[in-house]
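Undergrad: Pasting a predicted model and its sequence here:
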Amino acid sequence: MLRELRQQTLASEPLNDLPAVEIRGLEMAAACQLARQQLHNYQLQLAPDQAPAVLERIALRTDGVPFYVAALVSHLASHAEPVTPQSVDLVVRHLLTADTDPWEMEHFRSRLPAYYRGTISDANGRLIPQCHIASELLDHFALADQPLSINHAWTAMRSRFALTDRHYLVQLLRSLAQDHYLVSSSDKLYSFRFPLIRSWWRIAHGLES
């Protein structure tokens, strides 16, 4: 999407001098504090010996994203069961698998055709929609147990689609990172930016074993 927007800008347009800010969840302490406040708002009481573990589980399972923290606690409040780390896991699983999509995860999939338009030619001259390559690449990362290198991703996608342009794959990885699907380390190993979205992607695409 960022690539599409840049193609529509004027060559003489001034550069944006604002610093780039990486989107990420809250730090653990802040996420736990938010969870504590949300639980208090719903008058959900925790056993003293359970409280630290519950708050940490909420923070971890939501990646510290305030929207997901609030939505998770709201659903916990609608259940009669005591709030425990185990009940947090059960509610997260329910929210990730519910057909009503309460966490609005579907947009991560449905926006791909709009973000990655057009086609690319493979070694056999066939035109492949770029959104299909992006989706397959995300499938591959969703199944990976550890961050993957550019070479690993290139080998996998070249085998799957008979691609011939490695530079295209490098740019696609960069675009997926800029659009907040992936994140790369200092040595350019890529993985899903948010484990929660990776979990949803695996479920939504039937990738779980």
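TA: Arrived safely, thanks for sending. Residues are numbered from 1 along each chain as shown.

Undergrad: any idea which helix or strand comes after the helix or strand of the chain with the lowest mean pLDDT?
TA: Every helix and strand of the chain was ranked by mean pLDDT, DSSP states H and E. The lowest is helix 2-7, at a mean of 45. Later in the chain than helix 2-7, the nearest helix or strand by DSSP states H and E is helix 28-41.

Undergrad: and that following helix, what does it pack onto?
TA: Packed against helix 28-41, as judged by 3 or more Cβ pairs under 8 Å, 6 or more residues apart in numbering; DSSP states H and E, are the following elements: helix 51-61, helix 66-77. (Glycine included, C-beta is placed from N, CA and C.)

Undergrad: Reformat the ones you listed as CSV; add distance to A35.
TA: Conversion of the helices and strands packed on helix 28-41 to CSV gives the following (distance: least, Cβ to Cβ, whole Å):
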stretch, distance to A35
helix 51-61, 4
helix 66-77, 6
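
Undergrad: So for the host helix or strand of R158, what gets flagged as buried?
TA: Using DSSP H and E, R158 sits within helix 150-161. Neighbour-count burial for helix 150-161 flags 150, 153-154, 156-158, 160-161 (criterion: 16 or more other Cβ atoms under 10 Å).

Undergrad: Stretch 93-102 now?
TA: 95-96.

Undergrad: Same check on stretch 195-209?
TA: So stretch 195-209, judged by 16+ other Cβ under 10 Å, has buried residues 196-202, 204.

Undergrad: Can you spell out the domain ranges of the protein, please?
TA: 28-97, 107-204 (automatic domain parsing).

Undergrad: so how far does the first one reach from one end to the other?
TA: From its first residue to its last, domain 28-97 covers 25 Å (Cα to Cα, to the nearest Å).

Undergrad: now the last one
TA: End-to-end distance of domain 107-204 (Cα to Cα): 12 Å.

Undergrad: Renumber starting at 509 from here on
TA: Sure, I'll start numbering at 509, so the last one becomes domain 615-712.

Undergrad: Would you mind checking the average pLDDT for it?
TA: On average, the pLDDT along domain 615-712 is 96.

Undergrad: just how off-centre is that domain within its chain?
TA: 12 Å (Cα atoms, centre = their mean, to the nearest Å).

Undergrad: Out of the helices and strands packed on helix 536-549, the one nearest T605 is which?
TA: helix 574-585 (12.8 Å; Cβ to Cβ).
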